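Colleague: sequence and predicted model, in that order:
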Amino acid sequence: MQTHLQCGRYSLPVAATSRPLVMGILNVTPDSFSDAGKYHALDAAISHAEEMIAAGVDIIDIGGESTRPGSQTVSLQDELDRVMPLVYALRDCGKPLSIDTYKPEVMRQTIAAGVDMVNDVNGFRAPGALEAVADADCALCIMHMQKDPQSMQLKPEYENVVADVTAFLHERIAAIAQMNIARERLCIDPGFGFGKSLAHNIALLKNIGQLQAALDLPLLAGLSRKSMIGALLDKPVERRMAGSLAGALACVAQGARIVRVHDVAETVDALTVWHAINQ
């Protein structure tokens with residue numbers, strides 16, 4: 001596996017000898033599952049980004065459309081209106097910016113404005129998505145999702161969830177390679193909670209090291225505050241931090257190099273201690 005991820009203006013360390021990276025979630029949506037509307041206003045979003053930077057965040061992931069189970073799509077213009085002012089405000093903050101989108105035009109416009117990574121829950125399957133990123137130097141996070149956010153949690157089924165997710169990601173990596181996109185720009189995400197039951201999520205979590213080894217790319221894990229944590233703890237969203245930290249540590253212990261989280265300061269602290277013990 002490569003030692004660095006080419007991420008736009010940045011080269012991020014992803015070797016096993018480096019502390020795992022923390023991606024902080026910055027949703028500017030009125031309906032995200034965890035912080036709905038909390039950072040919808042531009043000044044609140046900028047303030048939260050500054051807090052994450054002070055806490056040691058490595059990547060800031062900006063989202064303008066919720067992809068929680070059952071969420072509704074938003075128009076292209078609405079998504080651009082939400083994310084573009086924030087990209088312009090933060091592009092010189094000293095940290096890589098990621099855009100959480102599956103829309104090719106949002107990819108194009110945010111890349112032109114300065115984002116360093118595209119985080120696509122749809123695995124760059126939308127017509128024009130690969131063309132939108134091919135000539136840039138941004139990193140690409142390829143995620144697995146069964147069906148779509150509106151229907152993904154309606155009886156998800158797999159023959160073998162680990163094998164099926166691995167096969168999907170392998171196919172998408174091959175499609176991206178055909179576009180002559182450098183492998184050093186790629187990372188993968190098994191998509192916890194995106195078309196998976198609790199049993200599917202646990203199976204993936206137990207075997208995330210196997211999946212990463214099979215694909216030999218930096219793996220990003222996003223379990224923060226998700227329903228699988230809530231189901232295991234029987235706790236609401238606002239009381240899932242400890243469970244989220246446990247999940248993050250379980251992932252990095254098996255080789256995950258990036259964790260996507262809401263609780264940046266606590267996750268940075270946990271991974272700093274974990275890295276000091278394991279380096």
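Modeller: Nice, thanks for sending it over. Numbers count the residues shown, from 1 in each chain.

Colleague: so after the biggest strand by length in the chain, what's the next helix or strand?
Modeller: Counting residues, the longest strand found in the chain (DSSP state E) is strand 21-27. Remark: after strand 21-27, the chain's next helix or strand is helix 42-55, criterion DSSP states H and E.

Colleague: could you give the number of residues near F168?
Modeller: For F168, the count of nearby residues is 19 (other C-beta atoms under 10 Å). In short, each C-beta sits where N, CA and C put it, glycine included.

Colleague: repeat that for the one 4 residues further on.
Modeller: Around R172 sit 23 other residues, with neighbours defined as other C-beta under 10 Å.

Colleague: got it, and V74?
Modeller: Look at V74: counted by other C-beta under 10 Å, it has 18 neighbours.

Colleague: helix/strand/coil for it?
Modeller: coil (DSSP: H, G, I helix; E, B strand; the rest coil).

Colleague: enumerate every residue touching it.
Modeller: V74 makes contact with G64, E65, according to C-beta atoms under 8 Å, 6 or more residues apart in numbering.

Colleague: against which helices or strands is the longest strand of the chain packed?
Modeller: Strand 21-27 sits against helix 42-55, strand 59-63, strand 258-261, helix 264-278, with contacts defined as 3 or more C-beta pairs under 8 Å, 6 or more residues apart in numbering; DSSP states H and E.

Colleague: export those to a markdown table and tack on distance to Q77?
Modeller: Compiled in a markdown table, those are given as follows (distance: least, C-beta to C-beta, whole Å):
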| stretch | distance to Q77 |
| --- | --- |
| helix 42-55 | 17 |
| strand 59-63 | 16 |
| strand 258-261 | 26 |
| helix 264-278 | 30 |
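
Colleague: and P236, how many neighbours?
Modeller: 9.

Colleague: that one contacts G230, correct?
Modeller: Yes - with contact defined as C-beta atoms under 8 Å, P236 reaches G230; the gap is 6.9 Å.

Colleague: follow-up on the earlier one: R19: which of the helices and strands packed on strand 21-27 is closest?
Modeller: R19 lies closest to helix 264-278 among the helices and strands packed on strand 21-27, at 4.1 Å (C-beta to C-beta).

Colleague: list the buried residues of that closest one.
Modeller: V264, A265, E266, T267, V268, A270, L271, W274 (16 or more other C-beta atoms under 10 Å).

Colleague: now swap in stretch 85-97 and tell me
Modeller: Quick answer for stretch 85-97 (16+ other C-beta under 10 Å): L86, V87, L90, R91, K95, P96, L97.

Colleague: and the fourth one, its phi and psi?
Modeller: According to degrees, to the nearest 10, the main-chain angles of R91 amount to phi -60, psi -20.

Colleague: and it, what does it touch?
Modeller: L97, A113, G114, V115.

Colleague: these, buried ones only, as a PyMOL selection?
Modeller: Listed next is the PyMOL selection for buried residues among the contacts of R91, using 16+ other C-beta under 10 Å:
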select buried, resi 97+113+114+115
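
Colleague: possible to save the buried residues of stretch 85-97 as a markdown table with distance to N27 and pLDDT?
Modeller: Compiled in a markdown table, the buried residues of stretch 85-97 are given as follows (distance: C-beta to C-beta, whole Å; pLDDT from 0 to 100):
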| residue | distance to N27 | pLDDT |
| --- | --- | --- |
| L86 | 10 | 96 |
| V87 | 14 | 97 |
| L90 | 14 | 97 |
| R91 | 18 | 96 |
| K95 | 17 | 98 |
| P96 | 17 | 98 |
| L97 | 14 | 98 |
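
Colleague: from these, which is closest to L42?
Modeller: The closest of those, once distances to L42 are taken by C-beta to C-beta, is L86, at 6.4 Å.

Colleague: shouldn't that closest one be within a helix?
Modeller: Yes - secondary structure of L86 (three-state DSSP): part of a helix.

Colleague: is it true that it touches I62?
Modeller: Yes - using C-beta under 8 Å, L86 is in contact with I62, at 5.6 Å.

Colleague: tell me, what's touching those two both at once?
Modeller: L26, V28.
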